[in-house]
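J.: Build the 3D model from these lines:
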Amino acid sequence: MSIEKYFKEKITVQRLTVVSGTDKEQYTTLLSNVPCRIESQGDENIMLSDGAFYKMFRMFCGIIDIGIGDRVVKGNDTYCVKGIAEYDSYSAIKTGNGYHHLEIILALPK
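T.: Numbers count the residues shown, from 1 in each chain. Now for the predicted structure:
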């Protein structure tokens, strides 16, 4: 059974890009209306290496252009992408019963 049927949320992916003619950077939309599923990874706030506190989430989605440092926007929440893992089960692909997908660690600043 494919996990794709659980991708009921839509997000926007933003990436930091250089502002032409300046030495500044800003986040711009890279992808929009991306189907996914976002799940909380607990109620506790976690302090990461940057010294800030975050609430942690895991996002499941298809194979998309996303990287560590990108932002994921869903409604009024803007998450930081902290980790990415690609899942590709040989047996699932061989039998057609699996789904090649990404699992992304998101951090929501507190």
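J.: in this protein, what secondary structure element scores lowest on mean pLDDT?
T.: Here the helix or strand of the chain ranked lowest by mean pLDDT, DSSP states H and E is helix 90-95, holding a mean of 54.
J.: Could you point out the helix or strand that follows it?
T.: Sequence-wise, the next helix or strand downstream of helix 90-95 (DSSP states H and E) is strand 101-109.
J.: Now do that following strand: which elements does it pack against?
T.: Packed against strand 101-109 by the contact rule (3 or more C-beta pairs under 8 Å, 6 or more residues apart in numbering; DSSP states H and E) you find strand 53-61, strand 77-87. Any C-beta I mention is one placed from the backbone N, CA and C, and that applies to glycine too.
J.: can I get those in TSV with mean pLDDT?
T.: Formatted as TSV, those follow (pLDDT from 0 to 100):
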stretch	mean pLDDT
strand 53-61	95
strand 77-87	92
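J.: max-length strand in this protein?
T.: Scanning the chain for the strand with the most residues, using DSSP state E, yields strand 25-47.
J.: Who does that strand pair with, and is each partner parallel or antiparallel?
T.: Here strand 25-47 is paired, per DSSP bridges, with strand 9-18 (antiparallel), strand 53-61 (antiparallel).
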